[in-house]
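Enquirer: Below: sequence and its predicted model.
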Amino acid sequence: MDLHFGDSKPTDDERAAVDALLGPPESSWEGADRSDADLRWARGGREARDRRDLLLPGLHAINDRIGWISDGALDYLCRRLTVPPAEAYGVATFYAMFSVKPRPATVLHVCTDLACAAAGASELCAGIEARLGPGSGVSVQRSPCLGLCERAPAALAIKAGDPVRTAVSAPATVHDAVLAASAPDSAPEEPPAALAVPQAGDPSLTLLRRVGVVDPSSLDDYRAHGGYTALRRAFELGPAGVIREVTDSGLVGRGGAAFPTGRKWQATASQPDHPHYVVCNADESEPGTFKDRVIMEGDPYALVEAMTIAAYATGAHQGYLYLRGEYPRALHRLEHALTQARARGLLGDDILGQGYAFDIEIRRGAGAYICGEETALFNSIEGYRGEPRSKPPFPVEKGLFGKPTVENNVETLVNVLPILTMGAPAYAAIGTGRSTGPKLFCVSGSVARPGIYELPFGATLGELLELAGARDGLRAVLLGGAAGGFVRADELDIPLTFEGTREAGTTLGSGVVMAFDDTVPLPRLLLRIAEFFRDESCGQCVPCRVGTVRQEEALHRIVQRTGAAAADDIALLREVGRAMRDASICGLGQTAWNAVESAIDRLGAYE
């Protein structure tokens, strides 16, 4: 059944939320409250269709103002953008942070993912629900990872209005979480980003050296500590010189795929089709990952400078920063940084007087793990469901809006700054021959000092856990997050490099290191991983859509069975896992079985 424009009308607040983003409507075709005389001919349709990419911001505008998206509000937004209501409904229901059903204006997201589950998230949820009771005006939602793993358990309160208000409670108690939901303006202020960096202030740091040292709101402070030195060096080298330095440094993507960054930039720069785009993937939704959040909150100008260098090298004049919707403080810090950079001639039509034009637009995600996949991210920005595309063509040929696009995550981009300031040979001397430079690791779970650690590639897992203060009774370590794999407590000599973890039969991924002691029930942890992938599958391809459900069902049965019956389900799990790995379109389905497989084979999870 198709959906059509109905009789529902937007409220004044809903109309105002959309008009604040798009401007007032110019005709009755767009929903203007005028006579029907101008309905005799259509005007402005082509221009409206060119603004399809404003669908996601429009949904955010309504959800932020009202707390949910009504039929009337959705119809009005569709008229403004000439988007078929069926398509807009499909987009609105794709994201976990939106609701198309009435709900209270305040939503309290309580993380129940791996680190928070181990820290008592279930008891926290039960306590919050008991304290609030029915009719409290607060909707409590169990949420996947909020990117606050170093302060688990965590909760995020969002109170709709003009403006929308948010409050974070982490580590959360029942009292603090309820306070954040009922009075976000009165909730305690979040601790500074530097508290997530146990090494803060260490002069030997490279990527994190400014976190906790500079004022993240001050452009002058950033420049006083070496800011924009790399961009000036880039202008001296020219685009080809910048790409050569990045290539010679050996920098590879830090999101998990480890593709050579210089090759990606060169392939994009050489495309004759224009315009070119730069996209920063700041939608770090992998359970256990929070390094990009810490950089954006503690050193936002570094990301702005790095994106500018990437754009200059690849011939782009427009950049998009896709930021996950669960990061309100990072959003405020980056919005302020972009405003200051434009005012000081560091973004805009003539950057540093070099005649080069570039600007950055922030696009907020809305709770979809799959949008961390680059082509799903492009679809999301363009106003479609965040479903991955088949490749080829690759993004360097046809990416965002069908144009050549370079996409990197936050950590990859900020590595470009030391490459240009210290030179490619000096950078390549850090780490190992095949994994060069420093790497950020997100350590959480059963450790005394959780947080972001910066180490050169080649340090061992044991050395990292010693820094973080691993607790007694260590049973297992999860590398790479939910899409990664478990290793035993006697395998801590694994070198933390892409090739070292691969040779050990596991993965480095994005740098997640979650430690679990013998108090954590492993079967419940595996079941949570399966639930996560079931919820986050976009449903586009059958192997992943069906396989993630079958995986969760089998794990439920295994917990209740023993002997031959459990062995049958484990055999079924292996068969389903192979099918997902071989036939899924994207990495979500291809890796959904990894952690469960490693727990069965390496840890004897169900013996």
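Expert: Yep, that arrived.
Enquirer: List the residues that contact residue 289.
Expert: 145, 147, 149, 442, 481, 510-512 (CB atoms under 8 Å, 6 or more residues apart in numbering). In short, each C-beta sits where N, CA and C put it, glycine included.
Enquirer: any idea which of those residues is closest to residue 313?
Expert: residue 510 (23.6 Å; CB to CB).
Enquirer: Helix, strand, or coil at that closest one?
Expert: Going by DSSP: H, G, I helix; E, B strand; the rest coil, the secondary structure assigned to residue 510 is coil.
Enquirer: hang on, isn't it packed against residue 258?
Expert: No. The criterion here is CB atoms under 8 Å, and residue 510 misses it with residue 258 at 10.3 Å.
Enquirer: Would you mind telling me which of the two has more residues around it?
Expert: Neighbours were counted for residue 510 and for residue 258 using other CB atoms under 10 Å; residue 510 has more, 26 against 18.
Enquirer: mind checking how far that one is from residue 59?
Expert: 28 Å (CB to CB, to the nearest Å).
Enquirer: I figured residue 409 hits residue 286, correct?
Expert: No. Using CB under 8 Å, residue 409 makes no contact with residue 286, being 10.6 Å away.
Enquirer: Pull up the overlap in contacts between those two.
Expert: residue 510.
Enquirer: my read is residue 476 is in a strand, agree?
Expert: Yes. Residue 476: assigned to a strand according to three-state DSSP.
Enquirer: and it, how many residues sit next to it?
Expert: 24.
Enquirer: Residue 477 now?
Expert: There are 28 residues near residue 477, going by other CB under 10 Å.
Enquirer: TSV please, covering the contacts of residue 289 and showing distance to residue 226.
Expert: Converted to TSV, these look like this (distance: CB to CB, whole Å):
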residue	distance to residue 226
145	32
147	27
149	29
442	25
481	32
510	26
511	24
512	29
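Enquirer: For those, name the two members farthest from one another.
Expert: 145 and 511 (14.4 Å).
Enquirer: I'd like the mean pLDDT over stretch 473-490, please.
Expert: In this model, stretch 473-490 has a mean pLDDT of 93.
Enquirer: Run the chain-centre distance for it.
Expert: How far stretch 473-490 lies from its chain's middle: 22 Å, per CA atoms, centre = their mean, to the nearest Å.
Enquirer: Just the endpoints, please. Distance across that stretch?
Expert: 12 Å (CA to CA, to the nearest Å).
Enquirer: which parts of it are buried?
Expert: Going by neighbour count (16 or more other CB atoms under 10 Å), the buried part of stretch 473-490 is 474-487, 489.
Enquirer: Show me which of those residues is closest to residue 106.
Expert: Among these, and counting by CB to CB, the member closest to residue 106 is residue 482, at 28.6 Å.
Enquirer: I'd guessed that closest one sits against residue 531; true?
Expert: No. Applying CB under 8 Å, one finds residue 482 not in contact with residue 531, separated by 10.1 Å.
Enquirer: Give me the local confidence score for residue 434.
Expert: pLDDT, residue 434: 88.
Enquirer: Contact partners for it?
Expert: 250, 497-499.
Enquirer: how does it look with 7 Å?
Expert: By CB atoms under 7 Å, 6 or more residues apart in numbering, residue 434 lies in contact with 497, 499.
Enquirer: List phi and psi for it.
Expert: Dihedral pair for residue 434: phi -100, psi -20, per degrees, to the nearest 10.
Enquirer: what about it, distance to residue 311?
Expert: Relative to residue 311, and taking CB to CB, residue 434 is found at 28 Å.
Enquirer: And for residue 180?
Expert: 38 Å.
Enquirer: Over to residue 585?
Expert: 29 Å.
Enquirer: Name the residue in the two with the higher neighbour count.
Expert: residue 311 (24 against 21).
Enquirer: in what helix or strand does the more buried one lie?
Expert: Residue 311 is part of helix 300-314, with elements assigned from DSSP states H and E.
Enquirer: Please identify the buried residues of that helix?
Expert: Result for helix 300-314 [16+ other CB under 10 Å]: buried residues 300-314.
Enquirer: Tell me which stretches of the stretch 501-607 of the chain form strands.
Expert: All strands of the stretch 501-607 of the chain, identified by DSSP state E, counting those that start in this stretch, fall at 512-517.
Enquirer: just the stretch 51-200 of the chain next, same as before
Expert: 106-111, 138-143, 155-159, 165-169.
Enquirer: Same question for the stretch 251-400 of the chain.
Expert: Counting by DSSP E, counting those that start in this stretch, the strands of the stretch 251-400 of the chain are 276-282, 316-323, 359-364.
Enquirer: among those strands, which is the most enclosed?
Expert: Mean neighbours per residue, mean count of other CB atoms under 10 Å, is largest over the strands of the stretch 251-400 of the chain for strand 276-282, with a mean of 26.
Enquirer: List of residues touching it?
Expert: 255, 268, 292, 296, 303, 307, 310-311, 314-316, 318-324, 372, 374, 377, 399-400, 403-410, 413.
Enquirer: I'd like the mean pLDDT over it, please.
Expert: 98.
Enquirer: and it with strand 359-364, angle?
Expert: Using axes from the mean of the first three to the mean of the last three CA atoms, to 10 degrees, the interaxial angle of strand 276-282 with respect to strand 359-364 works out to 40 degrees.
Enquirer: neighbouring strands for strand 276-282, and are they parallel or not?
Expert: strand 316-323 (parallel), strand 405-409 (parallel) (DSSP bridges).
Enquirer: can you give me the offset of it from its chain's centre?
Expert: Centre to centre, stretch against its chain (CA atoms, centre = their mean), the figure for strand 276-282 is 13 Å.
Enquirer: before we move on, what about stretch 553-569?
Expert: 34 Å.
Enquirer: so residue 205 touches residue 194, yeah?
Expert: No. If you go by CB atoms under 7 Å, residue 205 and residue 194 don't touch, sitting 11.6 Å apart.
Enquirer: Is residue 467 in contact with residue 453, as I believe?
Expert: Yes. Using CB under 7 Å, residue 467 makes contact with residue 453 at a distance of 6.0 Å.
Enquirer: Please list all residues in contact with the residue sitting nearest the centre point of the chain.
Expert: Closest to where the C-alpha atoms of the chain average out (CA atoms, centre = their mean) is residue 283, at 1.7 Å. Residues near residue 283 by CB under 7 Å, 6+ apart: 322, 324, 365, 371-372, 377.
Enquirer: Report pLDDT for residue 135.
Expert: On the pLDDT scale, residue 135 gets 84.
Enquirer: Turn the strands of the stretch 251-400 of the chain into CSV, columns for distance to residue 426.
Expert: Below are these laid out as CSV (distance: least, CB to CB, whole Å):
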stretch, distance to residue 426
strand 276-282, 25
strand 316-323, 27
strand 359-364, 29
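Enquirer: Out of these, the one nearest residue 601 is which?
Expert: strand 276-282 (31.3 Å).
Enquirer: who's in contact with the closest residue to residue 404 other than its chain neighbours?
Expert: Sequence neighbours aside, residue 271 is the residue nearest to residue 404 in space, at 3.8 Å (criterion: CB to CB, 6 or more residues apart in numbering). Taking CB under 7 Å, 6+ apart, we find residue 271 in contact with 396-397, 404.
Enquirer: ok, so of those, who is nearest residue 343?
Expert: Closest to residue 343, out of all of the contacts of residue 271 and judged by CB to CB, is residue 404, at 30.1 Å.
Enquirer: pLDDT score assigned to the closest one?
Expert: 98.
Enquirer: So it is in contact with residue 396, correct?
Expert: Yes. Using CB under 7 Å, residue 404 is in contact with residue 396, at 5.8 Å.
Enquirer: Which of the two has more residues huddled nearby?
Expert: residue 404 (26 against 21).
Enquirer: tell me how far stretch 333-348 is from the chain's mean position?
Expert: 22 Å.
Enquirer: Render the CA-only coordinates of that stretch in PDB, please.
Expert: Provided in PDB are the C-alpha atoms of stretch 333-348 (Å, rounded to 0.1, in the frame of the first residue of the first chain):
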ATOM      1  CA  ARG A 333      31.800  22.200  20.000                       C
ATOM      2  CA  LEU A 334      32.000  21.700  16.300                       C
ATOM      3  CA  GLU A 335      29.300  24.200  15.500                       C
ATOM      4  CA  HIS A 336      31.200  26.800  17.500                       C
ATOM      5  CA  ALA A 337      34.500  25.800  15.800                       C
ATOM      6  CA  LEU A 338      33.100  26.100  12.300                       C
ATOM      7  CA  THR A 339      31.600  29.600  13.100                       C
ATOM      8  CA  GLN A 340      34.900  30.800  14.500                       C
ATOM      9  CA  ALA A 341      36.900  29.400  11.500                       C
ATOM     10  CA  ARG A 342      34.600  31.100   9.000                       C
ATOM     11  CA  ALA A 343      34.900  34.400  10.900                       C
ATOM     12  CA  ARG A 344      38.700  34.200  10.800                       C
ATOM     13  CA  GLY A 345      39.100  33.300   7.200                       C
ATOM     14  CA  LEU A 346      39.900  29.600   7.800                       C
ATOM     15  CA  LEU A 347      36.800  28.500   6.000                       C
ATOM     16  CA  GLY A 348      34.900  30.200   3.200                       C
END
